[in-house]
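Novice: coordinates only, sequence not included:
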C-alpha cells in the first residue's frame with residue numbers, strides 16, 4: 001500500500017501534510033470529479049462530470065443510462081491512468097441522486113466501490 005498526499009489537501013494535528021492510503025486517495029479523487037462542474041476549474045475546463053444537473057431529471061431508465069455514460073466518461077478522462085470503471089449504478093429519489101461507482105485500481109487491483117449522494121437539502 002502506498003501513501004499519497006491526502007485529497008482534499010489537509011494538515012494533520014502535528015502540522016504535517018496529511019497522507020492517505022490508496023483507497024481513501026482514490027475515493028477523494030472520484031468525489032472531486034463527480035462534484036465538479038465542467039468549466040469550474042480555470043485551467044482544466046473539461047474536468048468534472050456535471051452530475052448535479054441530473055438531480056432534478058425525471059427518475060427513469062434514461063436517467064440511469066445518462067448518469068452511467070456521464071460518470072464513466074468523466075472518470076475515464078480524469079482518472080483513466082489510475083483506475084478502471086467497472087460499473088455505475090444511479091438511483092434517484094425525489095431531489096436526491098445516489099451514484100455508486102465500482103472501480104478497480106490500476107494496475108490490477110481488486111474491485112472497490114464508492115457511493116456518492118447529491119441533491120438539495
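Specialist: Happy to help now that I have it. Worth saying up front: this structure is predicted, and the values here are computed from it rather than measured.
Novice: how about the residue in the protein that sits furthest from its center?
Specialist: Here the chain reaches farthest from its C-alpha mean at residue 14, the gap being 29.2 Å by C-alpha atoms, centre = their mean.
Novice: just checking, residue 84 is part of a strand?
Specialist: Yes - counting by DSSP: H, G, I helix; E, B strand; the rest coil, residue 84 is found in a strand.
Novice: pretty sure it contacts residue 107?
Specialist: No - with contacts counted by C-beta atoms under 8 Å, residue 84 stays clear of residue 107, the gap being 9.6 Å. The way it works is simple: take the backbone N, C-alpha and C, and place the C-beta from them, glycine included.
Novice: between those two, tell me which one has more neighbours.
Specialist: Taking neighbours as other C-beta atoms under 10 Å, residue 84 and residue 107 compare with residue 84 leading, 17 against 7.
Novice: which residues does the more buried one contact?
Specialist: Contacts for residue 84 (C-beta atoms under 8 Å, 6 or more residues apart in numbering) come out as 103-104, 106.
Novice: which of those has the most neighbours?
Specialist: Counting by other C-beta under 10 Å, top hit in the contacts of residue 84: residue 103 with 22 neighbours.
Novice: surely it is in a strand?
Specialist: Yes - under three-state DSSP, residue 103 falls within a strand.
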